[in-house]
Each structure stands twice: as structure tokens, then as C-alpha cells.
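Engineer: here is a sequence together with a model predicted from it:
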Amino acid sequence: MTKPKPGKLFVYGTLRKGGTRSGHLERCRLLRMMKVPGILYRTPFGYPAAVFDETSPLAVWGELYELPSDSELFIGSVDRLEGVDEKLFSRSVIRLEEESFYVYEPGPELRRQISDGNIIKSGNWFSAPALCGEDPFSFAVSFENIQKQYYRMKPDGRSEENIFLEGTVPVLVTCPHSTAHTRMGKLKRHEFYTAALGAVLHLVLGCHCLYANREQGTDPNYYDDCGFKAVLERVLSERRIDLVVDIHGTGNERSEDLFPGVGDEREFLLSAPDVLDKFYLVAEEYGITAGSADIFPAARQMTVAKFAAKRFSVPAIQIEISDRLRMPWRREEEFRCLIEFLLGFVEKVISGKMDRNG
């Protein structure tokens, strides 16, 4: 009897969300992040190659996608993209945890180009932009072009409603409003480019990132009883997190570009009161106007910042970003400046922590 062909694909390099070729998977559905036993290699051509082995002590980070209905035609197009006929890559099937999916491994031509000296021990191609060759601006735009299909996509029980990107530094970036959500019975629109900004901080600085990947039945920044907070609780319980940076979008009615939220009396900063000073300092360096911390204190509802600070004693800051800065299609320079500000702010926080710890 012929075995059924997999309807899923695991990708780990340039096809990953935000990668230079991620647009090819526009018709696929991201199911979840996952690790597959194997070894990831750097190649001399600007993309990675993975050799999968269930006995390997290392693992390859990637994304599992559901293929479109014309799966055989579609996977044929991926074969051409990956150079299967040219023996650059070969397609195989892996079975892991009761699930079968396609993967691409180096073919004979490519295997001659890799060695133990090319191993990426983290297993994550997006562990550093210099390594994966991604420009943060282009990455954010590519990421959001994929993310937009999930703005109003309802949970289907087969895919993760919230995506967690494992980082390497003790800063967690959260983006609970990257998809539509319901508050007090009313559907609220997504806050565009918030997940993309969180993913950039993961890509460049190695921050952990948690973002909404399906329409949320309740507002994660208003209620505690929701799936996003359940994942957040697990992350905060299982990992060392020194700061939560909760990213949001706001309208452009006010003249300021950014607004920090740290509680009515700055109580969410706990043992890190200098975080707010660094926020204002870096904003000034990049010519971004930062408003008062009293405008959006993040204290009145059950916000993510309050949840982290009150329940887990983790310092937290909510950042509200004006629409003006989140429009790369219309205001490219402002968006680039926003990226540089966020990177500069979080990097200053990280370096400050390292100075105090050693």
C-alpha cells in the first residue's frame, strides 16, 4: 500500500517567516515553531543546509507549514526553488512525534561545500543578522507580508495561536495585539508591524519573542484568562527573564511618537528603574519624540506589563508606538529610525545588565 504523502513542510533557512524567500510560502499556513534533531550548517552561498538525524544531540530550529490544497504542484515548485534537479538539495520525509513532513537536505553538490567547521551550534539560522544576511528593515517588511494573512484568521485547533521564538538573552518582547482581538464584546483591529518589530529584536539581539499568530478570542492586554497569557506564564516560569518589553501600536492623534507604560508610580520597573531613563535617552538620540509615562501607564487593566511585574516580579515596560512610525510603505525613513531606536534601547538595557552582573 502506498503511504500517503505529507501535507506539511519544515523550513529552517531563507524560507522562514521574514526570510528573503519567505514570500514563496504565502499560500501555506504556519502551524508552529519546532526543533528537529539534526545539524545546521553555514554554506558559502548565503543560506544554510541541514542534515537531519534522530540520534543527533543538536537540533535545527524552524517552522512547520501546512501545504496548500494543490500540495503536489506546490512542493514541485519548492523543489525547483531548492535546486533539486541540480542536486543542490534533496527532498526527504521525516516522521517526528507522530507527524510526517517534508524537509530539504543538502544534495551531493552542496555536501562537498560543508564541514564540521561550518556547524551552527544554536541550530537557528536567524541567530544573528550578519550570519543569515538579513537586513532588519527588509526582514520586517517580509515578515509582516506573511503575518498579515493571520490578522483575522481564526484558530483552527491544528496550529499554534501564539508563536514563541526562543532567544539567547534574558529579554522577552511580547506582541499581543499583532492580530485582531476581542475586548468587551467588540472586535479590535490588529496593531500592524508589532510582531515584525518583535521578530527583528529576536533576529538582531537574540531576544525571546512571543506574538499572536491567530485572531484572539479575548484581549491578552485586558484579560488574564487567555491563551497568550498561558504561554507567557510558561515562558516566565521556565526561563530567566530580566525585562519584558511589550510592544503596541496607537493612533497618530497625539504629537509624540512613543509612550512608555510602567505603572502609575513606575512600579512595574521594580529593580530596574533606569530602564525608563534609557528609554528617553535613546529616543532623544534618534530624534524620536517620547511622551509622558502617564498617558498609557499600562496599570488600569490586566496588561501584559502588569502581569509580568505583579505575578512574576519581572520588570516590564509597555511601549505604545504611533501609526506614523509603523508605515514603511509610506514613511520608510521613520520606520528605519524606529527599528534603530528599539535596537538601541534594548541593547543598552542588555549591556547594563551585563555590566552589573560581571
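Structural biologist: Right, received. Where do you want to start? Numbering: from 1, shown residues only.
Engineer: tell me the strands beside whichever helix or strand residue 209 is part of, with direction?
Structural biologist: Here residue 209, judged by DSSP states H and E, is contained in strand 207-212. Here strand 207-212 has these sheet partners by DSSP bridges: strand 162-165 (antiparallel), strand 169-175 (parallel).
Engineer: who's in contact with the first one?
Structural biologist: If I follow you right, that is strand 162-165. 30, 32-33, 198-199, 202, 208-214, 227-228, 231, 235 (C-beta atoms under 8 Å, 6 or more residues apart in numbering). No exception for glycine: its C-beta is placed from N, CA and C like everyone else's.
Engineer: how about it as PDB, C-alpha atoms only?
Structural biologist: C-alpha atoms of strand 162-165 as PDB (Å, rounded to 0.1, in the frame of the first residue of the first chain):
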ATOM      1  CA  ASN A 162       0.700  32.200  19.600                       C
ATOM      2  CA  ILE A 163       4.300  31.800  18.400                       C
ATOM      3  CA  PHE A 164       7.200  31.800  20.700                       C
ATOM      4  CA  LEU A 165      10.700  32.500  19.300                       C
END
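Engineer: run the chain-centre distance for that strand.
Structural biologist: Remark: strand 162-165 is offset 7 Å from the chain centroid, using C-alpha atoms, centre = their mean, to the nearest Å.
Engineer: quick check: domain ranges of the protein?
Structural biologist: With domains defined by automatic domain parsing, the chain comprises 8-126, 135-357.
Engineer: what's the most buried one of those domains?
Structural biologist: Across the domains of the chain, averaging neighbours per residue (mean count of other C-beta atoms under 10 Å) puts domain 135-357 on top, at a mean of 19.
Engineer: quick one, what contacts the nearest residue to residue 236 once chain neighbours are set aside?
Structural biologist: Excluding the flanking residues, the one nearest residue 236 by C-beta to C-beta, 6 or more residues apart in numbering is residue 312, at 4.5 Å. Contact analysis of residue 312 by C-beta under 8 Å, 6+ apart lists 233, 236-237, 241.
Engineer: ok, of the residues you listed, which one's closest to residue 47?
Structural biologist: Using C-beta to C-beta, residue 241 comes nearest to residue 47 of these, at 31.7 Å.
Engineer: for the residue nearest to the closest one when sequence neighbours are not counted, give its distance to residue 125.
Structural biologist: Closest residue to residue 241 apart from its sequence neighbours, by C-beta to C-beta, 6+ apart: residue 172 at 4.8 Å. Note on residue 172: its distance to residue 125, by C-beta to C-beta, to the nearest Å, is 21 Å.
Engineer: ok, residue 182 next?
Structural biologist: In terms of C-beta to C-beta, residue 182 sits 35 Å off from residue 125.
Engineer: one more: residue 180?
Structural biologist: In terms of C-beta to C-beta, residue 180 sits 30 Å off from residue 125.
Engineer: what of residue 93?
Structural biologist: Residue 93 is 22 Å from residue 125, by C-beta to C-beta.
Engineer: now the strands for this structure?
Structural biologist: Along the chain, the segments classed as strands by DSSP state E run 8-11, 29-42, 48-52, 59-66, 89-96, 99-106, 162-165, 169-175, 181-183, 186-188, 207-212, 243-250, 258-261, 316-322.
Engineer: got a pLDDT number for the nearest residue to residue 313 once chain neighbours are set aside?
Structural biologist: Here the nearest residue to residue 313 in space, its sequence neighbours aside, is residue 270; by C-beta to C-beta, 6+ apart that works out to 6.3 Å. According to the prediction, residue 270 has pLDDT 96.
Engineer: cool, and the one 4 residues further on?
Structural biologist: Per-residue confidence at residue 274 stands at 95 (pLDDT).
Engineer: show me what contacts it?
Structural biologist: Contact analysis of residue 274 by C-beta under 8 Å, 6+ apart lists residue 352.
Engineer: got any ranges where this protein has weak pLDDT?
Structural biologist: Within the chain, the stretches with pLDDT under 70 are 1-3, 353-358.
Engineer: for the stretch 251-358 of the chain, what spans make up the helices?
Structural biologist: 274-285, 304-306, 312, 332-357 (DSSP state H, counting those that start in this stretch).
Engineer: among the ones you listed, which is nearest residue 78?
Structural biologist: helix 332-357 (30.2 Å).
Engineer: give the other helices and strands that that closest one contacts.
Structural biologist: helix 136-147, strand 169-175, helix 194-205, strand 243-250, helix 274-285 (3 or more C-beta pairs under 8 Å, 6 or more residues apart in numbering; DSSP states H and E).
Engineer: need the ones you listed in TSV (columns: distance to residue 63).
Structural biologist: Shown next, in TSV, are the helices and strands packed on helix 332-357 (distance: least, C-beta to C-beta, whole Å):
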stretch	distance to residue 63
helix 136-147	10
strand 169-175	17
helix 194-205	12
strand 243-250	21
helix 274-285	31
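Engineer: relative to residue 307, which of those is closest?
Structural biologist: Comparing those by C-beta to C-beta, strand 243-250 comes nearest, at 8.6 Å.
Engineer: on contacts alone, who are the packing partners of that closest one?
Structural biologist: For strand 243-250, the packing partners by 3+ C-beta pairs under 8 Å, 6+ apart come out as strand 169-175, helix 194-205, helix 304-306, strand 316-322, helix 332-357.
Engineer: need the CA coordinates for that strand. CSV is fine.
Structural biologist: Written as CSV, here are the backbone C-alpha positions of strand 243-250 (Å, rounded to 0.1, in the frame of the first residue of the first chain):
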residue,chain,number,x,y,z
LEU,A,243,12.9,42.5,31.3
VAL,A,244,9.6,42.3,29.4
VAL,A,245,9.2,44.8,26.6
ASP,A,246,5.5,44.8,25.5
ILE,A,247,5.1,46.4,22.0
HIS,A,248,1.8,48.1,21.0
GLY,A,249,0.5,50.4,18.4
THR,A,250,-1.5,53.6,18.9
